[in-house]
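**Q** Just the structure for this:
(3 chains)
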Amino acid sequence: MSYLIFFIAATGTLAGAIGVIMLKDPFYSVLALVVHLISLAVLFMLLQAEFVAAAQVVVYAGAVMVLYVFVVSYIGGQNLTTGQGPGRAGTLGAFACGAALVIELFIAVLGSGLKAIGTTGAHTAAGFGNPERIGALFLTKFLAPFEIASYLLLLAAVGAVTLARRRGGLEDGVEDPARISVADFMRPRPYYTGTLAEGFGHPDSLSASHAAERQERPT
Amino acid sequence: MTIAWYLAVSAIIFVIGAAGVLIRRNPLVILLCLELMLNAANLALIGFSKMWGNNAGQIFALIVMVVAACEVTVGLGVIVAMHRHRLPADVDAMRELRG
Amino acid sequence: MSATTAGWLVLAAPLLGTMITAFGFKLLPGKTAGWIGTAAIAVSFAFAIVAFIELQAQSPTHRELTSSLWSITHTVGVNANASILVDPLSVLMILVVAGVSTLIHLYSVSYLEGDEGYVRFFAYLNFFVFSMLLLVLAGNFLLLIVGWAFVGAASYLLISFWYRRTTATKAGIKAFVINVVGDVGLVLGTFFIFRGTHSLDFLTTFHAAPHVFAKGSGGITAGCLLLLVGAFAKSAQIPLHTWLPDAMEGPTPVSALIHAATMVTAGVYLIARMHPLFQLAPAAEDVGAIVGAVTLLVAGTIGLAAVDIKRVIAYSTMSQIGYMIMGVSAGAYTAGLFHLMTHAFFKALLFMAAGSLIGAMGGNQSLDRMSGMRKALPFTFFCFVVGGLALSGIPPFAGFFSKDDILLQIGSRGGWYWALYVAGYAGALLTAIYTFRMIFRAFLGEPCAEASELIEHGHVFHPEQPTNPANGEVEDTGVGFPGPVHAIAERAAPMRIAMSLLALLAVIGGIVGIPKTTSWLDKFLAPTFADSTIHLHPSNGLLYFGLVLGTVVGLAGIGIAYYVWVVRPGIAPAVAKRFGFLDRLFVNKWYFDELIDALVVRPAAWFGRFAQGTFERLFVNGTLVGGTTGVVRAGSAAVRSAESGFVRYYVAFVVIGLAGIALYFLIST
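**A** Coordinates of the predicted model:
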């Protein structure tokens, strides 16, 4: 029984992965990744890592992918990518690199001296991947990584806000970069250029101008 | 299934992710392939955790997930900023590092 | 105050004078700098007299006093202090140098009036006197070389004092380069001697030398010959003499001080000071004597043909120094130094008088233009005559006694030195002829235009357009060129006072060495030369013969000059045309300049061009520098092509690298 689940899950994983790299539309790539993630969660469960599987589905597939979906819809499709692709040579080269790498990894894994790889693993108790066990470990043995991970999340959040924030006072195309002063940053923004205006699609905002450009260009 | 199978799947996913980074030009898709590689690593970690009977691998995998989340956040922030400045969403067009 | 303290103060006063004038360059109005400079040297002369008195107060065997202020270097094998040696020789030299310098400074106070570089002149002149005093007071080779080099530098600064004249700057460079050749000889000679005696200190070296070097051995002969090279360069002997006539580009007080009385006598001082070493190298002594004799003859012949009045006096200097070098090389130390002293007096006097004459001519120095200045410049004429008589060796003037003393000692050495004896008297004849040629041409005859202006209208001639007397280039009277004022002795009291004192000394200066009567100089210098191994005992017969011959030769020279240039003025050009070859030889200064140009200057210039054009350009720049940078550029271009800017290529490199590392680890295990 577990063989069957394994093969289905493995197929789903691989299919999702191939879908990510082969599908043209970025949105479809995101959906393929979601498929991949859920299959991966099944594989985790087979390995008695229940909590990790749950976290995978909730956090990864649930939050991170949703974030991806937002951004993909904001940015739009691949009609913004122009010019040449990698070409046949580039694609074949990439696959050759990949093939070389996977063969090496196979040799490394299968020819390794670790005898335990050939087994189904150590005998573990029933509550191996339980939240209780993971929680206990997080708060005793791995307390430091836990805390540092929380700092990391804080950093990322602050970083994301900073990156996406609109700078106050300076518009695109400033006349003389050498004469920018701190006062320019402190000045309040002109009306209808803030993020809220952008979200509501005010005609003076940036996204409206983007939309107008997109309207002009034949899609 | 022996652990070896899981490791083989992990290796294949990793390589698919690496190839994807090399092929695609849309930065969003490149980030997705990055996620693929991280997931492959997670799978390997969970596999070894089962092999040793030690929960440390699962803890590590959770932390990796945290890191992946942070990285996605910041990466998507960069892509949004790129889009705001009307730069084309094409890594081949970002050539300022050219020496 | 002890003699050595006085010695240090002798050095300190001109140094202080230099500092004050140099740093107070903008603050000293009018002639203040001149008076300060003169006062500094006068103070130095006063201390020289104190040193003299203190030295004489010691017993005759204790008259070589050293004093050292600090240790310059005390390292492996070399031990040198800043020490001075006060002994009769150095005291004589500082008396002469400080005394004559004071009078020349006094003269310059008026002579350079109106020149924009007035303060600079006195700073340089004081620096020169300091250097010369350092040279003669030095107690070891190190300070001697330092003083030697400083004197050369001061000479350069002063020759090219009117620095906007290219003739002056070229002359300064020529003097400096030739003096550097001499410096090299001096330093190498010092090294040869140091190698044997392992001491730089004079007294130690002189005591050790006879024990270390065998008489006539290679080391000491080489050292003394190299010292001679230094002496010849500084004293303008053949073949290193070509700088001295060109050095007349400097102002006349400079010519008087440096190129008559002091710097050019440094070579004579050197040989006299190093006499214990020279006596161990008879070959070097012979070389010195021969070169001195040759120089005095050659310079005398050129003086017959020279037209620029200062150059006539310059060649006369060269000739008289030839006498001195001949004397001290042959062992007649006291005689040579006696002539050094008297020569300082009458040569400085002659130069000062020439300065006054040139001032009256409005800056023109050519004998062809001068005539009949007797009534216009009576005092100058008087000084010229006194100096000329002293120079020609007419008794009872100073030059008579000193020159005859040298020739007497040379004659009493015997052997082939008789040839030098004859050469000396031939030179004396030439000296008298060219000296009085100069005097008769400039002062007797019909007054020239400049003279008439002075006699009739009472003001000194001024050319409308100042020109360079050497090549006629037009100049102005700003800084770097002579000033607008042309001073003459009749009008300027400081000049008159200085010249009068020197004239007095030229007349009575011989009193310190009248043979058979006073031997003050001999007795004074005896402690220094007590260790001389050359003992000359001239016979009475030779003495009287020499005295008479000297007088006769001098008077004959004056007579010939009078006949040729006053009684029958047309003879001179006729003789010149008849002996055309000789005339050309003398006018072109025996072609020494051309010879040095062909032997030294052209090969050096060719080598420089070759080095720059071929070696530097092709090899160093092209291959070494260009090749290296080319290789680096090519390499970096190759590496730069990997920086394409495509992120995906970078990622590809990462993946390939990862595969490579995995492969490596797979293979190695």
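
**Q** Tell me the first helix or strand C-terminal of whichever helix or strand B:Ile30 is part of.
**A** Under the criterion DSSP states H and E, the helix or strand holding B:Ile30 is helix B:27-52. Sequence-wise, the next helix or strand downstream of helix B:27-52 (DSSP H and E) is helix B:56-84.

**Q** how distant is that next one from the center of its chain?
**A** Its chain's C-alpha centre lies 9 Å from the corresponding centre of helix B:56-84 when counted by Cα atoms, centre = their mean, to the nearest Å.

**Q** what's the angle between it and helix B:27-52?
**A** Helix B:56-84 runs at 180 degrees relative to helix B:27-52, counting by axes from the mean of the first three to the mean of the last three Cα atoms, to 10 degrees.

**Q** Buried residues in helix B:56-84, which are they?
**A** Counting neighbours by 16 or more other Cβ atoms under 10 Å in any protein chain shown, one finds that the buried residues in helix B:56-84 are B:57-66, B:68-80, B:82-84. From N, CA and C alone the C-beta is placed, and that goes for glycine too.

**Q** Tell me if that helix is near chain A.
**A** Yes. Figure legend: helix B:56-84 in contact with chain A (Cβ under 8 Å from any Cβ of the partner chain); contacting residues B:56, B:58-59, B:61-63, B:65-74, B:76-81, B:83-84.

**Q** For chain A, which residues are neighbours of chain C?
**A** Remark: the part of chain A in contact with chain C comprises A:86, A:93-94, A:97-98, A:100-101, A:104-105, A:107-108, using Cβ under 8 Å from any Cβ.

**Q** Tell me the pLDDT of the residue lying closest to C:His459 once chain neighbours are set aside.
**A** On the basis of Cβ to Cβ, 6 or more residues apart in numbering or on different chains, the spatially nearest residue to C:His459 that is not a chain neighbour turns out to be C:Glu453, at 6.8 Å. C:Glu453 is assigned 78 on the pLDDT scale.

**Q** What is the neighbour count of C:Glu453?
**A** Other residues within reach of C:Glu453 by the criterion other Cβ atoms under 10 Å in any protein chain shown amount to 18.

**Q** hang on, the earlier thing: how about the helix holding B:Ile30 and chain A, any contact?
**A** Yes. Using Cβ under 8 Å from any Cβ, helix B:27-52 reaches chain A at B:28-29, B:31-33, B:35-36, B:39, B:42-43, B:46-47, B:49-52.

**Q** Give the buried residues for that helix.
**A** By neighbour count on 16+ other Cβ under 10 Å, the buried set for helix B:27-52 is B:27-51.

**Q** Stretch B:14-26 too?
**A** So stretch B:14-26, judged by 16+ other Cβ under 10 Å, has buried residues B:14-26.

**Q** again with stretch C:412-422
**A** Across stretch C:412-422, burial judged by 16+ other Cβ under 10 Å covers C:412-413, C:417, C:420-421.

**Q** same deal with stretch C:47-54?
**A** Residues C:47-52, C:54 are the ones in stretch C:47-54 that count as buried (16+ other Cβ under 10 Å).

**Q** and which of these is nearest chain B?
**A** The shortest distance between chain B and any of the buried residues of stretch C:47-54, using Cβ to the nearest Cβ, involves C:Phe47 and amounts to 74.9 Å.

**Q** Report the rounded mean pLDDT for the strand or helix carrying that closest one.
**A** Counting by DSSP H and E, the element that carries C:Phe47 is helix C:32-57. Within the predicted structure, the mean pLDDT of helix C:32-57 is 92.

**Q** interface residues of the stretch 251-400 of chain C facing chain B?
**A** That would be none, as no residue of the stretch 251-400 of chain C is within reach of chain B (Cβ under 8 Å from any Cβ).

**Q** And the helices in the stretch 251-400 of chain C?
**A** For the stretch 251-400 of chain C, the helices identified by DSSP state H, counting those that start in this stretch occupy C:252-256, C:266-273, C:275-278, C:282-305, C:309-330, C:333-360, C:378-392, C:398-411, in order along the chain.

**Q** okay if I get these as TSV plus mean neighbour count?
**A** Supplementary listing: the helices of the stretch 251-400 of chain C in TSV, determined by neighbours: other Cβ atoms under 10 Å in any protein chain shown:
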stretch	mean neighbour count
helix C:252-256	29
helix C:266-273	27
helix C:275-278	24
helix C:282-305	23
helix C:309-330	28
helix C:333-360	28
helix C:378-392	24
helix C:398-411	28
